[in-house]
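Engineer: just need the structure, nothing else, for what follows:
(chains A and B)
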Amino acid sequence: MGKVIGKPTPLIDAVQKVTGKAMYTDDFKFPNMVYVGLHRSPHAHAKIMSIDTSVAAAHPGIKAVITGKDIPIAFGVLPISPDETAMAVDKVRYVGEIVAAVAGETPEAARAGADLIRVSYKPIKNFITPDESLVECSEDEKIHQHTKNSKNIHKIADLSFNDPKDGIASSSFTRSVDFKFAGVTHAFTEPHSTIAVWNGDESLLVITATQVPHYLHRTLSKVLDIPLHKIQVKKPALGGGFGGKSDPFPHEMITSKLAILTNRPVKCTLTREEVFLTNHGRHPTEMTMSVGCDADGKITALDTDIVIDGGAYGSFGVVTAYYNGVLLQGPYKIDRFGFITRRVYTNKPQSGAMRGHGAVNPRYAVEVVLDMLAHDVGMDPCDFRQQNFLSENTKTVGELRITSNGIRECLETVRRKSGWDDRYGKLPNGHGLGVACGFFISGSALPIIWNRYPQTVVHAKLDFDGRIVMFSGASDIGQGSDTMLVQIAAEELGISMSRVQVEVADTKLTPVDLGSYSSRVTFMVGNAAKQAVDKIRHQIAASVGNEKSVPREAIQFADERVFTDDGKLNLTWDEAVDIAMAGRGAFVESGFYISPKLGGKFKGSGAGLSPAYSFGAFIAEVKVDPMTGQVSVIKVWGAHDCGKALNPLSVEGQIEGSIHMGLGQVVSEDMRYHNGRLLNANFWDYRIPMTLDTPEMDVTIIESNDGEGPYGAKEAGEGPIHPVLPAIGNAIYDAVGIRMTELPITPDKVLTELRKGGQQ
Amino acid sequence: MQKVELHINGFTRTLLVNAHETLLDTLREQLNLTGTKRGCDQASCGSCTVLLDGTPVLSCITPTIRCDGHNILTIEGIGVNGHLHPVQERLASDGGLQCGFCTPGVVMTAVPFLQENPNATDEDIKEALSGNLCRCTGYKKIIQAVRHAAEDLRHG
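Structural biologist: Numbering: from 1, shown residues only, chains lettered A, B, ... in the order given. Model (predicted):
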């Protein structure tokens, strides 16, 4: 092993991307194409009294007009909460919700047509904050009819093991702290875009910027009432996702419907403002985090009460509600553990899954509280964490199976590299260090849509030309999964990467993959890909062994040769392929991945189950200006246990990107609303770190070599974000003695805390 | 509609454009030069950067009629005879891109910058790229790649 795997490897599509040749959805054009214009609600919550489309329909260049009643079938990415329709039916639930759509000959005509749709509304009481949604209201005020107890609560998720409240009450030291987190959004650089083509055989082609072609495939079939086998969803080059392109989206259904109605290719590309309104970002969150420890600093119990603001629709929210709690079960051993999460509906663009799904905000809270407890006990925060870590090969109290676990090495590494022992608590006033740890799933063990299928299937094809083609539904969204497929084939067959090509993310050509989310692709698709190419190797070995009368077990594959160590067999790859083709020609082999059966028998036991978990420890150094309240992050040391880095260049990139995104959420990003209207739906007012805001980054990859991951690999795309935020929060405490419990940590909040005097 | 003459990537094209048409629309919609990306259409992300007479401009806020008679270089015009420019080579080889959507804008900003600042420090590079939003990389490998490209250019 190790010719290709484990080597820093440029992405296979890197040259296409640096030359501008990579084709993203909006780069495609079709003859006779028409464009979508969307009419959006100006009201946060209102009954639709009437819609007049006549003026729009008569406008020059308008080919079709549709409203909610034309696509009335409800959908939701989770089959348990199908609460959304492609366009509002009967009522609108947030400012910016799509009410009607047109197809126009040009983008300008489509915009003009959409503006000419007249809708009359009767406003309903708005529920903008979670507090408002937790109060009883009348039936006709409820955002959705299926909510319970006359409140706008979507889901209550709770678990409790070994009476945590009592555990906390009886602890030597306890802390119970309120936290508040603003909503943040993915802000991928490529706006959502979709093209739909209705073919002569009544099949639908949808080219779209999606992380999950499979869910869109299923959803289009449902809402448009077209058989699954008549729908082809293709993901071309994709400009970033981070969870924000993993739901099936209304504009994808609308574009498809208009393609059928007009019988012409249809394109819809959202504006940046529309991308912000589409959201599905991290839930705004309020929580009380309570943790106890004994006099020696051993954690005794954790209990937390969480409210997450789901916005107007369900999205992944039921999963988010559970993840907020269950992903607090590590990386520390906590035997008395409990949480309750209430996900509320509000009249705002919906929240959903975003990098680090559900676990980022509670991770900030718990790591800050642990820091406080360490100080209460009088221990170094690194020592405090170190003595509470879960071991390898264990189970958490909620029966999450922990296998490989490199958390100790992660913490030791950043501690040493940052000079922690000489510097923590000793830097000049205004300068500080902070530490935090985290862990995350490597794919969900349970699929969203329950069935007995594998979670992924990969096909590998060999033909006379000596080329391997990997067919996978996995969606490369920039993280490099296409490159991983090629690396694995090249590694297993001992051929150069240039002999391997991919056909990916196309529901007509590629076997089902459940998509690029929950950090599942390297682990699951990697295992399936390895299995598929191993079968190809066995096939070649069998053919060559037969023909050349050598035992097939002795046949080696390396350096583009197929040979035996004793020199009796020494073929070029092409010669070996020629033998393997004899009498049958090209062949395809298949590999798949199914997670082992995991978890306990209690209700809610499925949440957070994963075949493996990544671990990480980060230390941040900050400078806080006591005059202005400005926080500058100077340097971040990050160590992440990804099992085995199949491509260290990509793993580093994921960790560095996580530092960027964590930094944004902790110091500046904030979706701000006034009466339900998003105030900062652009990159000028929604502030994302740019080059000048970027700290120095020292990244270390820790390899614990997981027993079930491909070559030992686990995830690296999401886990690294979790420790970033609290490491910065804890560093602010070391710098100026204040505990920041509300994100983002803007200068005004810092000044307010400084004036209170700090030193909690 | 107004007639304009644009010298794009070394070739002169005569086009009819609307008075309000942006250079980004002209490039992408009229000329199918889709390497130039529309990230925000609000002059806030840098994805649409092209060179106007050698100077980087945001094509999403550049009226095409203002470009009449001027030289425009897009990502399609970077690199000679099929060879990548060192900035492109280094972004590709050193992990200076992930999703790649911001990459053409980064290339179009860094190439003229290094021409004028062959000895640029990391701080200079950060300053030069401060208008290019990247959501994937955390910028570290972009800055490294541009620094390495500067070294490559200096050493011929």
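Engineer: tell me how the chain divides into domains.
Structural biologist: No chain in the question, so chain A it is. A:18-124+A:189-240+A:245-278, A:285-446+A:600-756, A:447-593 (automatic domain parsing).
Engineer: you looked at the wrong chain, it should be chain B
Structural biologist: B:2-77, B:86-154.
Engineer: the longest one and chain A in contact?
Structural biologist: Translated: domain B:2-77. Yes - on the criterion Cβ under 8 Å from any Cβ of the partner chain, domain B:2-77 is in touch with chain A at B:28, B:32, B:34-42, B:44-45, B:47, B:74-76. From N, CA and C alone the C-beta is placed, and that goes for glycine too.
Engineer: what does the shortest one give?
Structural biologist: Yes - in this structure, domain B:86-154 sits against chain A according to Cβ under 8 Å from any Cβ; the contacting residues are B:88-89, B:91-95, B:97-104, B:107, B:125-127, B:129-143.
Engineer: buried ones from the residues you listed, can you make that a ChimeraX selection?
Structural biologist: Selecting the buried subset of the residues of domain B:86-154 next to chain A in ChimeraX, with 16 or more other Cβ atoms under 10 Å in any protein chain shown as the burial test, is done by:
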select /B:88,89,91,92,93,94,95,97,98,99,100,101,102,103,104,107,125,126,129,130,131,132,133,134,135,136,137,138,139,140,141,142,143
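Engineer: among the residues of domain B:86-154 next to chain A, which are located in helices?
Structural biologist: Using DSSP state H, the members of the residues of domain B:86-154 next to chain A that fall in helices are B:88-89, B:91-93, B:103-104, B:107, B:125-127, B:140-143.
Engineer: going by distance to A:Asp506, which of those residues wins?
Structural biologist: B:Thr103 (23.7 Å; Cβ to Cβ).
Engineer: now do the contacts for the residue lying closest to that closest one once chain neighbours are set aside.
Structural biologist: Excluding its sequence neighbours, the residue lying closest to B:Thr103 (Cβ to Cβ, 6 or more residues apart in numbering or on different chains) is B:Leu97, at 4.6 Å. Residues near B:Leu97 by Cβ atoms under 8 Å, 6 or more residues apart in numbering or on different chains: A:Leu11, A:Ala14, A:Lys17, A:Val18, B:Leu91, B:Thr103, B:Val106, B:Cys136, B:Thr137, B:Ile142.
Engineer: picking up where we left off before, tell me the most buried of the domains of chain A?
Structural biologist: domain A:285-446+A:600-756 (a mean of 23; mean count of other Cβ atoms under 10 Å in any protein chain shown).
Engineer: close to chain B, is that one?
Structural biologist: Yes - using Cβ under 8 Å from any Cβ, domain A:285-446+A:600-756 reaches chain B at A:649-650, A:652-653, A:656-661, A:682-684, A:688, A:690-692, A:694, A:697.
Engineer: returning to that earlier point: nearest to A:Phe523 among the ones in helices among the residues of domain B:86-154 next to chain A?
Structural biologist: Using Cβ to Cβ, those come closest to A:Phe523 at B:Lys141, 24.0 Å.
Engineer: in chain B, which residue sits closest to chain A?
Structural biologist: Nearest residue of chain B to chain A, counting by Cβ to the nearest Cβ: B:Gly35, 2.1 Å away.
Engineer: let's see the pLDDT reported for that residue.
Structural biologist: Turning to B:Gly35, the model gives it a pLDDT of 98.
Engineer: what's around it, how many residues?
Structural biologist: Applying other Cβ atoms under 10 Å in any protein chain shown, we find 26 residues neighbouring B:Gly35.
Engineer: the spatially closest residue to it that is not a sequence neighbour sits in which helix or strand?
Structural biologist: Counting by Cβ to Cβ, 6+ apart, A:Gly20 is the residue found nearest to B:Gly35 once chain neighbours are left out, at 2.1 Å. Here A:Gly20, judged by DSSP states H and E, is contained in no helix and no strand.
Engineer: next: A:Phe563.
Structural biologist: A:Phe563 is located in strand A:561-564, with elements delineated by DSSP H and E.
Engineer: note down every partner strand of that strand and its orientation.
Structural biologist: strand A:555-558 (antiparallel), strand A:570-572 (antiparallel) (DSSP bridges).
Engineer: chain B: helices as residue ranges?
Structural biologist: Going by DSSP H, chain B shows helices at B:23-25, B:86-93, B:103-116, B:122-128, B:140-154.
Engineer: torsion angles phi and psi at residue 131?
Structural biologist: Since no chain was named, I'll use chain A. phi -60, psi -40 (degrees, to the nearest 10).
Engineer: identify the residue nearest the residue nearest the centre of chain B in space, chain neighbours excluded?
Structural biologist: Chain B has B:Met108 as the residue nearest its centroid, 2.3 Å off, counting by Cα atoms, centre = their mean. Distances taken as Cβ to Cβ, 6+ apart put B:Thr49 closest to B:Met108, at 4.2 Å, once the chain neighbours are dropped.
Engineer: per-residue pLDDT, that neighbour?
Structural biologist: 98.
Engineer: contacts only, for it.
Structural biologist: The neighbours of B:Thr49, taking Cβ under 8 Å, 6+ apart as the test, are B:Thr36, B:Pro56, B:Val57, B:Leu58, B:Ser59, B:Pro104, B:Gly105, B:Met108, B:Thr109, B:Gly131, B:Asn132.
Engineer: check the residues you listed and tell me the two furthest apart.
Structural biologist: So, the contacts of B:Thr49 by Cβ to Cβ: farthest apart are B:Thr36 and B:Gly131, at 15.1 Å.
Engineer: low-confidence ranges, chain A, go.
Structural biologist: A:1-2, A:758-760 (pLDDT under 70).
Engineer: just to revisit the earlier point, can I get the strands paired with strand A:561-564 in a markdown table with distance to A:Ser54?
Structural biologist: A markdown table is the format used below for those (distance: least, Cβ to Cβ, whole Å):
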| stretch | distance to A:Ser54 |
| --- | --- |
| strand A:555-558 | 69 |
| strand A:570-572 | 71 |
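Engineer: for the longest helix anywhere in chain A, packing partners?
Structural biologist: What stands out as the longest helix in chain A, according to DSSP H, is helix A:526-548. Applying 3 or more Cβ pairs under 8 Å, 6 or more residues apart in numbering or on different chains; DSSP states H and E, one finds that helix A:526-548 contacts strand A:456-462, strand A:468-472, helix A:481-493, strand A:555-558, strand A:561-564, helix A:573-581, strand A:587-593.
Engineer: excluding sequence neighbours, find me the nearest residue to A:Phe75.
Structural biologist: In this structure, A:Phe75 finds its nearest non-sequential neighbour in A:Thr219, 4.9 Å apart by Cβ to Cβ, 6+ apart.
Engineer: my guess is the one you found contacts A:Ser246. True?
Structural biologist: No - using Cβ atoms under 8 Å, A:Thr219 makes no contact with A:Ser246, being 11.9 Å away.
Engineer: give me the common contacts of those two.
Structural biologist: A:Val77.
Engineer: pLDDT score for the residue nearest to B:Thr103?
Structural biologist: Residue-level pLDDT assigned to B:Leu97 equals 98.
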